[in-house]
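Student: Have a look at this prediction, sequence included:
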Amino acid sequence: MTDADTDTATQSRSEPRGVEDDDTAYEPSPDPLLQVRDLELHYPITKGFLRREVGRVRAVDGVSFDIGRGEALGLVGESGSGKTTTALSILRLEEPTGGNVIFDGESVRDLAGGDLRAFRRRAQLIVQDPNEAFNPRMKVGKAVAEPLALHGMTDEDRRRRIVEDLLERVGLSANDAGRYPHEFSGGEKQRIAIARALVLNPDLIVADEPTSALDGRVRADILGLLDDIRREFDISVLFISHDIDVVRRFCDRVAVMYLGEIVEQGRIDRVLSAPKHPYTQVLLGSVPSLDPTDRTLPSPLTDTIPDPADPPAGCRFHTRCPAVIRPEEIDLEPEQWQRVAAFRFTVQAGELPESIDITGSGPIDESTVRDALDLPERLPDQGIDDGVASAIEAIASGELERAGEILEEGVPTVCEQSVPESITVDGRTVACHRHDETMPGVADPEIMKPFR
Amino acid sequence: MTTPNPSTQTTRTDSQDHPLLAVEGLTTHIETEGGTIHAVDGVSFQVDRGETVCIVGESGSGKSVTCESLTEIVPQPPASIVDGSIQFDGEPLHDVDEAFMRRIRGNRIAHIFQNPQQALDPVYTVGDQIVEAIQIHETVPETTARERAIDLLRQVGIPSASDRVDEYPHEFSGGMCQRVAIAIALAADPDLLIADEPTTAVDVTVQARLIEVLRSLADGGMSVLLITHDLRVVAALADRVLVMYGGTIVERGPVSSVFTQPSHPYTQALFDSYDELSRRSDRSARDEIPTNGCRFRNECPHAVDACAEDDQPAFHAVARGDHSVSCVHYGPSGDPDAILEASRDARPVTSAEVTDDD
Amino acid sequence: MALIDTTVMQQDDRSSRFEAVDWDTVDTSTRLWTPERVTLLAGIALLALLYAYDRYVAHVYLVADWQVQTVDWVVLLGSVMLVAYVGVPIVRYRETTLRVLRSLFTRPVYAVASTLLGLFMALGLLGTALIGSAPLRYDYAWHPPVGMSIPMAGGNCYGEVTQGDGVTRYCEGTLSNYPLGADHRGIAMDWLVVSGARTALYVVIFTAAFVVPLAFAVGVIAGFRGGLIDDLLMSYVDVQLSIPAIIVYFIGYMYWNPSLLLLLVTFGLLSWGGIARLVRSEVLQRREAGFVMVARSLGGSRAYIARRHILPNITNTLIPSVFQLFALLILVEAGVAFLGFQEWQAFSWGTTIAQGVDFEQVVGGGRGSLIEPHDYWWVSTLPALALSVTLVSFKLVGDGLRDALDPRSTN
């Protein structure tokens, strides 16, 4: 790469962060390096010696995004959201069960022979834990040279030259090539991991939580190094992290995953400063503020993360969504609706809200439950009130499952009835019924205030 | 080396005149093949009743060893507690026999750790483990203990506690396991809970719930000594903060004061690492931490010759309350404004500030 | 990514990429002719020639008076494999070898054990070739070792003969002939100990060349593949672990008479299940490790990953258990031989020990006196000593190698 190339790269880099381009919807970059389309990876759940399939874990379920050349995309979500599986499927370390990954115009699935080897050179992986990123029995010089050797460079002197140069570039010394991984600290190992990822001149680096095992200034150092390097060499990065701070600092765009699906995706400045999907709002709100006087921590409707083998129908987040949509015909105050919905989804998850789980102190009666749930003796909506009353009755007689069924029927929401389409709102795509104006129901936006 | 601010002593409104925990000059060494590591090097602090104190620092700063030295759960060898006095509720905790220490550990000082799955025994139900913890503490019938166990589970926010009490640890998620670990720690109704990075291994949404649990304990009057590297967790939980570096405390004070005016160059560097704009790429990949003078001087942008003299500098008051800092620039001959000024550009951006509500 | 052309490279621009590699010019075909493979093929070719020569030209004796039997051919094949895949890498990676040896020899106990093990190997390999074969010389039966004198049993004596009570004559041991004494056939004890070492070495070579690789292969395949293949392989191992090898050996014994090959095959091929299980569990533990994921993302094949990343990392548990297996099979061979179910011409240590503790014997012709096992103690003691020292050495060297191979323990 020439100087001029580098210059234009850094320039074009600094611009997207500005806000001068208004509300134009997010558009996939015109010449993306990586296109992921409806990526799907279902693990079969098998039983018995013959491995009969009895179910599927939908680890990744229809994920689509683009990464432009030189762009860094952050993939965030809780553990179990499928972000790592997505990354591994892109690199063909897991075989996707559906969808397509297009790298530089070619479908990764169809690559073979020399083309596959070229892909393996151009897309590199950095793993999470620096302590297990290296073979403990292999000197780091050899480890960094391994990609070269694996791809057929037999000239040992040339390999050593490249490796020593790289080690110095990532802030270590050429002498370190002769040492074993255990002689380095976590931060140093991650520098070596970066060197190894660079040794084949990649165009894409998939970094799976590269800084989550590090803390404080070392984390900032590694992030800075990675940032310098990707800008200098114009490398695209798929950056997987659960740490919003790190993603905010490093990435150009972010995609938020929940239970195998992307719920919101767009530019960092838009998504992280004004999240539109309730899940993104909950996720961002859960990060404590650095201001000790601001100690509010909003919580989702329920804490139970659904089983990915049996994800909720419709919008997958609706069982935990504080902004779950109230049917127009149900006449409740927003807070009351939220409490009733929380009651329904907690019971349906097979649990009792902790406030009414009063064992040993006699049978559960309706008024204690209503007190505990902060519901009035009579709800203004007759249908809901009847549903809640008979659900409490069922709980009192120990039939939690039946209570769930009653509530499912009595407390409906459009969120569970259809899968939300991805809509472009305010410069990012969101998959949420609240932003779909054709959806019936009331989104009660004021409920979401504490989450922003 | 410590000069407790007399005003803080008198402002305590506690019924007793001594703090719950007072540590003075604690020094712990760890023997390795490469030589002796001064893991904790003369650390003094105190924890009052009902107070949440956070020790914040990076890995290797000695914050965990400090807390493990208090009840001597740090493995000895390779570690050895070479010096220091520890007063717990007015009684010495150093130089006591093992039996006494065991009573303290189980009953009055409880520990929880980063990885809760390791703290729980996989072959017993969580109920059995809490009941066991209760019955070590006091002789109560099985049924009473079981009811208490369910109460404790509910107290730490586990739904359907009466059903889940009979489940095994592997049936709980990481965050739920941490709650169970807290419930076990609470079983003996301790005076002090030492929590070592309790939220590091869990997701932010789970962390938020655990923070609420810990906060409700503190509100209930329990003293908490929290160890973390995450300034955000500190901001969410602490009453007072101790910043540790290289086995010594470099800054201490009320959380509001430390977070509005981080004063030690190291504390400032820690806050910088949260800042979007700062980049410290000039920092060398390896640094030796000296064992005398100011431990931070090799990495300090403001280091002067005086930093290498004697031991870790004395504490000097910075601002209001008992906010003080161990740095020569805050001494009689120093110029603290220069340091505070230098960091002002890089004030931490809180998530509230970057949020533009639409 | 556009590759840097040489003019840009010459500007030595820090912001340019470190060094461009034109991958189209780099030979990406995997190398077919590794030194290991060349050695293996050359060895097998040589062996084939020898076999043909033995079959069609030499007939009875291959060299000198060595009658090569099936078991010898099998062990020779095993040796070729070991030379190719253990010997050649040892020479190729001299630095590593030297580092491991250095750290092995820093602990005196491992140094002594390694030296003794080296001596055992040398004796087993070269011993019989150097001291030739031993004729039966019954007239020198129970000739005493140097410094001992016992009632003469065979009628002949190299040392001084002294007259005892009645007809008993005492024979004095000599240094020049029978320095370690002789057994009841007049075969020198030094020759017997060396022959026993050779038999034991046969066991080790067979195990190392055939049993251990089989265990590794099964363990790695089961661990890597998982699923049905894993289930099948591990169920087979379970079944195999429940078959007592000694009964299989006895059944074979009834058909083919005692034979070292039969013993090696039955015990060797029924004893690898434990190691296979161990390898499998270690592979399962490590196949998700970061460095394995990275190697896979670089396009490393399963075989490459197993060889380069898995095997070197499971030596901590495997080296000791492999050496334990060597020791166990040597002991089993000696035990079976001790019970008398081994061909005596193999001169196993077990056979010799058994003969050394045999019932009391009448010596000196018709009027002879009684001689009891404790009178000729060296016949049992010397091979027993050799056996024990060998077993302990194997055990210790296994532990020593485990430590020496771990870079974390050497620093």
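Tutor: Looks like it arrived, so ask away. Numbers count the residues shown, from 1 in each chain, chains lettered A, B, ... in the order given.
Student: can you give me the helices in chain B?
Tutor: For chain B, the helices defined by DSSP state H cover B:6-11, B:63-70, B:98-103, B:116-119, B:126-137, B:142-155, B:161-164, B:174-187, B:204-219, B:231-237, B:255-260, B:265-272, B:336-344, B:351-354.
Student: Wondering if the longest one reaches chain A at all.
Tutor: What it means is helix B:204-219. Yes: remark: helix B:204-219 sits within contact range of chain A at B:204-209, B:211-212, B:215, by CB under 8 Å from any CB of the partner chain. Placement of C-beta: from N, CA and C, glycine included.
Student: Nearest to residue A:151 among these?
Tutor: Nearest to residue A:151 among the residues of helix B:204-219 next to chain A: residue B:204, at 39.3 Å, using CB to CB.
Student: In contact with the closest one, which residues are there?
Tutor: A:78, A:242, A:244, A:283, A:286-287 (CB atoms under 8 Å, 6 or more residues apart in numbering or on different chains).
Student: cool, residue A:239 as well?
Tutor: Residue A:239 is in contact with A:72-75, A:207, A:210, A:247, A:250-251, counting by CB under 8 Å, 6+ apart.
Student: Bridged to it, which residues?
Tutor: Taking DSSP bridges, one finds residue A:74, residue A:207 as the beta-bridge partners of residue A:239.
Student: could you check the distance from it over to chain C?
Tutor: Distance from residue A:239 to chain C, counting by CB to the nearest CB, to the nearest Å: 16 Å.
Student: quick revisit: and which of the contacts of residue B:204 is nearest residue A:350?
Tutor: Looking across the contacts of residue B:204 and measuring by CB to CB, the closest to residue A:350 is residue A:78, at 20.1 Å.
Student: does that closest one sit in a helix, a strand or a coil?
Tutor: Here residue A:78 is recorded as coil under DSSP: H, G, I helix; E, B strand; the rest coil.
Student: Go ahead and confirm it touches residue A:242.
Tutor: Yes: using CB atoms under 8 Å, residue A:78 is in contact with residue A:242, at 6.6 Å.
Student: overlap in contacts of these two?
Tutor: Common neighbours of residue A:78 and residue A:242, counting by CB under 8 Å, 6+ apart, are B:203-204.
Student: which residue ranges form the strands in the stretch 251-358 of chain B?
Tutor: Taking DSSP state E, counting those that start in this stretch, the strands of the stretch 251-358 of chain B run over residues B:315-317, B:324-326.
Student: Any chance of a markdown table for these, columns mean neighbour count and mean pLDDT?
Tutor: Listed next are these as a markdown table, based on neighbours: other CB atoms under 10 Å in any protein chain shown; pLDDT from 0 to 100:
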| stretch | mean neighbour count | mean pLDDT |
| --- | --- | --- |
| strand B:315-317 | 19 | 79 |
| strand B:324-326 | 27 | 86 |
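Student: In the stretch 1-150 of chain A, where is pLDDT below threshold?
Tutor: By pLDDT under 70, the weakly predicted segments of the stretch 1-150 of chain A are A:1-30, A:49-50.
Student: which residue does it bring closest to chain B?
Tutor: In the stretch 1-150 of chain A, the residue found nearest to chain B is residue A:78; the distance is 4.2 Å by CB to the nearest CB.
Student: what about that residue, how many residues close to it?
Tutor: 19 (other CB atoms under 10 Å in any protein chain shown).
Student: tell me the contacts of it?
Tutor: Neighbours of residue A:78 in contact, by CB under 8 Å, 6+ apart: A:242, A:258, A:283, A:305, B:203-206.
Student: which two from those end up farthest apart in space?
Tutor: Taking CB to CB as the measure, those span a maximum distance of 14.4 Å, between A:258 and B:206.
Student: Between these two, point out the one with more neighbours.
Tutor: The neighbour count for residue A:258 versus residue B:206, taken as other CB under 10 Å, is higher for residue A:258 (27 against 22).
Student: Bridge partners for the more buried one, pull those for me.
Tutor: Assessed by DSSP bridges, residue A:258 has beta-bridge partners residue A:261.
Student: Quick one: low-confidence residue ranges for chain B.
Tutor: Looking at chain B by pLDDT under 70, you get B:1-17, B:276-287, B:320-321, B:342-358.
Student: Quick one: name the residues of it near chain C.
Tutor: Residues of chain B lying near chain C (CB under 8 Å from any CB): residue B:33.
Student: Name the residue of chain B that lies nearest to chain C.
Tutor: For chain B, CB to the nearest CB, closest residue to chain C: residue B:33, 7.6 Å.
Student: For burial, what's the neighbour tally of that residue?
Tutor: Count around residue B:33 with other CB under 10 Å applied: 7.
Student: One more: the one 4 residues further on?
Tutor: As a burial measure, residue B:37 scores 20 neighbours (other CB under 10 Å).
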